[in-house]
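Trainee: build the 3D model from these lines:
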Amino acid sequence: MMFDESQRLRDNAAYRFPVSVKGVVVRDGAVVLLRNRRDEWELPGGKLELGESPERCVAREIEEELGLDVEPAAMIDAWVYTIVSDIHVLVLTYGCTERARRPAVLSGEHTRLEWIGLDDVAGLRMPDGYKTSIARWSAQVRSSLVTTDVPAQSLAHGQPCRV
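Mentor: Predicted coordinates for the structure are as follows:
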């Protein structure tokens, strides 16, 4: 399909956002969160690199930021976050399962790391989109749709597994 010059110009004038891919990792009824330099809690993850899949990005970022080995099991949500009035980011969130249980280690990118009880998330200073993603993934975990014993690839193909 060929585009004429006016179509190309319209497409290039569209809003463009950096893409940040975040992961929800739940262990023993708690979610791992990081405190950023804006003094907000956030999910681990980071910027999508050119040529990288979102799933590879979130696994790489969680390994870099926390030293955790995760498998992205399912995309949970996508939303635009306005950091400040003229800075917007497209956020993709994935529910992740741990391939191996390791201690989480704080990197230099954040000021604090904490496993926070799922029931305590609502009262935290963090974007509502993260809270929604945590609630959605934890509901799946709690309803036994996903456990560390269920292979993540079965979810990636849209086949929920009950244990």
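Trainee: quick one, longest helix in the protein?
Mentor: helix 128-142 (DSSP state H).
Trainee: remind me which residues of the chain are low pLDDT?
Mentor: 1-3, 6-13, 144-163 (pLDDT under 70).
Trainee: mind listing the helices for it?
Mentor: With DSSP H as the criterion, the chain has helices spanning 5-12, 54-66, 128-142, 152-156.
Trainee: could you identify which of those is most buried?
Mentor: With neighbours taken as mean count of other CB atoms under 10 Å, the helices of the chain reach their highest mean count in helix 54-66, at a mean of 20. C-beta here means a position set from N, CA and C on the backbone, and glycine is covered the same way.
Trainee: now tell me what touches that helix from outside.
Mentor: Residues lying outside helix 54-66 but in contact with it, judged by CB atoms under 8 Å, 6 or more residues apart in numbering, are 19, 21-23, 25, 32, 34, 44-49, 52, 68-72, 75, 92, 94, 96, 104-107, 109-110, 113, 156.
Trainee: so which residue is smack in the middle of the protein?
Mentor: residue 22 (2.0 Å; CA atoms, centre = their mean).
Trainee: all set, thanks.
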